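Engineer: Give me coordinates for this.
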Amino acid sequence: MDNVHGSTDDAYAEVREVFAKTQVRDAAAQLAVWAGGRLVVDLWTTDAGGGDTLTGVYSATKGATHLVVARLVQEGALELDRRVTAWWPEFAGDGKDDLTLRDLLAHRSGLIGVDDGFGSAELDDDRVLADRLLRQSPYWRPGRAYGYHAFVIGALLSAVVVRATGRTVQELFPVLIKTPYGVDVHLGAPNESRYLPVLPAPVQAPAAPLPPSPLAVAFNLHATPPTDLVAWINRPSARALGQSSAGGVANARGLARMYAVTMWGADGREPLLTPDTMTSFATLTSRGRDRVTGESRHFGLGFENQHLRYPGLTATAFGHSGAAGSHAFADPMTGIAYAYTRRRYGHPGGAAPENADLISAVLRAT
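Structural biologist: Numbers count the residues shown, from 1 in each chain. A predicted model of the protein is given here:
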């Protein structure tokens, strides 16, 4: 285990062993776990550069965005069953008039992208994305089906948030979560010297536009050129704006703490969310065939529901994975907050396969 650094509580020694076994092909990984309100696992590989280095976490960013929305709902600034048009009148039309915030969170708007694709600079900026989406017809009847809004759900939500509060998700995240709870997660990190670039997969597919399809549109792979996720997040301009679907940077410590404080609070502060709020956002809302990926997926409100994917987690577990393999979640019933990051792309999208072995080891120790 010469390649593994950091510490674990004695009860979690097996987690260190499993972490070492899963680290192949210079993944440059970090792992952090909280249990019972304490950090019990804090590990990283040599090529990760340390436990406090940052990297792009792609759709794990959505977890930060959804926590902002959940807190605003809890405070009464947003209402789940209110129509989106109540805050954002321009959103009306094309069958979207009755769409609620709950529908938007559940990936049911049908606005997964735009017909001619986004340029890289457009993908950086939630406001530009939202403006272009206003001029796009939905890809299915809003509210009647769900499909993963990979690059744009944050932009749609932030458009509601800024009209309800006067501040964007990027402005509210430090106020509500990052600063008061000491969370090392960033939606906008232009000059962060701790950032280490995402590394490409050992074997890469040729970069050619795909024919238009829901999958290609949602991941902007039909654009010319198609989005290169590695190159995109490594651009300082993308990190500077920190778009709220996929533009965040973090480390495993920060992501795990972000989910831990939802349950336990920190430094004398109350938990970020109440049990009722966590249950509301974790409860399975969208299941069955995803119109974008074609897979059977499981979503609560914004968050990926975890227990059907990882045996041993409970129905209250909520979080989000990201391209390159990052994954982070909270399970209030077991008291676990888990986060894994890797710099080396080794999986086409979402949580890397090694998360299953790591989570099983964590559950055995808890």
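Engineer: For the helix or strand that Ala216 is a member of, the averaged confidence score.
Structural biologist: Using DSSP states H and E, Ala216 falls within helix 214-218. Regarding helix 214-218, the rounded mean pLDDT is 95.
Engineer: what's the following helix or strand after it?
Structural biologist: helix 229-233.
Engineer: Could you find the residue nearest the spatial middle of this protein?
Structural biologist: Centroid-nearest residue in the chain: Ala60, 2.3 Å away (criterion: Cα atoms, centre = their mean).
Engineer: Please list all residues in contact with that one.
Structural biologist: Contact analysis of Ala60 by Cβ atoms under 8 Å, 6 or more residues apart in numbering lists 248, 250, 255, 320-322, 326-328, 339, 341. Yep, even glycine has a C-beta here, placed from its N, CA and C like the rest.
Engineer: Mind putting those residues into a markdown table with secondary structure and pLDDT?
Structural biologist: Converted to a markdown table, those look like this (DSSP: H, G, I helix; E, B strand; the rest coil; pLDDT from 0 to 100):
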| residue | secondary structure | pLDDT |
| --- | --- | --- |
| Gly248 | coil | 97 |
| Ala250 | strand | 97 |
| Leu255 | helix | 99 |
| His320 | strand | 97 |
| Ser321 | strand | 95 |
| Gly322 | coil | 94 |
| Ser326 | coil | 93 |
| His327 | strand | 95 |
| Ala328 | strand | 98 |
| Ala339 | strand | 99 |
| Thr341 | strand | 97 |
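Engineer: any idea how far the residue nearest to the centre of the chain lies from Phe329?
Structural biologist: 10 Å (Cβ to Cβ, to the nearest Å).
Engineer: tell me, how many neighbours does Thr8 end up with?
Structural biologist: Using other Cβ atoms under 10 Å, Thr8 has 20 other residues around it.
Engineer: My guess is it contacts Leu39. True?
Structural biologist: No. Counting by Cβ atoms under 8 Å, Leu39 is not a contact partner of Thr8; they are 9.7 Å apart.
Engineer: Give me the below-cutoff pLDDT ranges for the protein.
Structural biologist: Applying pLDDT under 70 to the chain flags residues 1, 25, 190, 203-206, 347-351.
Engineer: now the strands: where do they sit in it?
Structural biologist: Taking DSSP state E as the test, the strands found in the chain are 4-8, 29-35, 38-45, 55-56, 185-186, 249-250, 286-289, 296-299, 304-305, 318-321, 327-331, 336-342.
Engineer: For Arg108, find the nearest of these.
Structural biologist: Of all the strands of the chain, strand 286-289 sits nearest to Arg108, with 6.9 Å by Cβ to Cβ.
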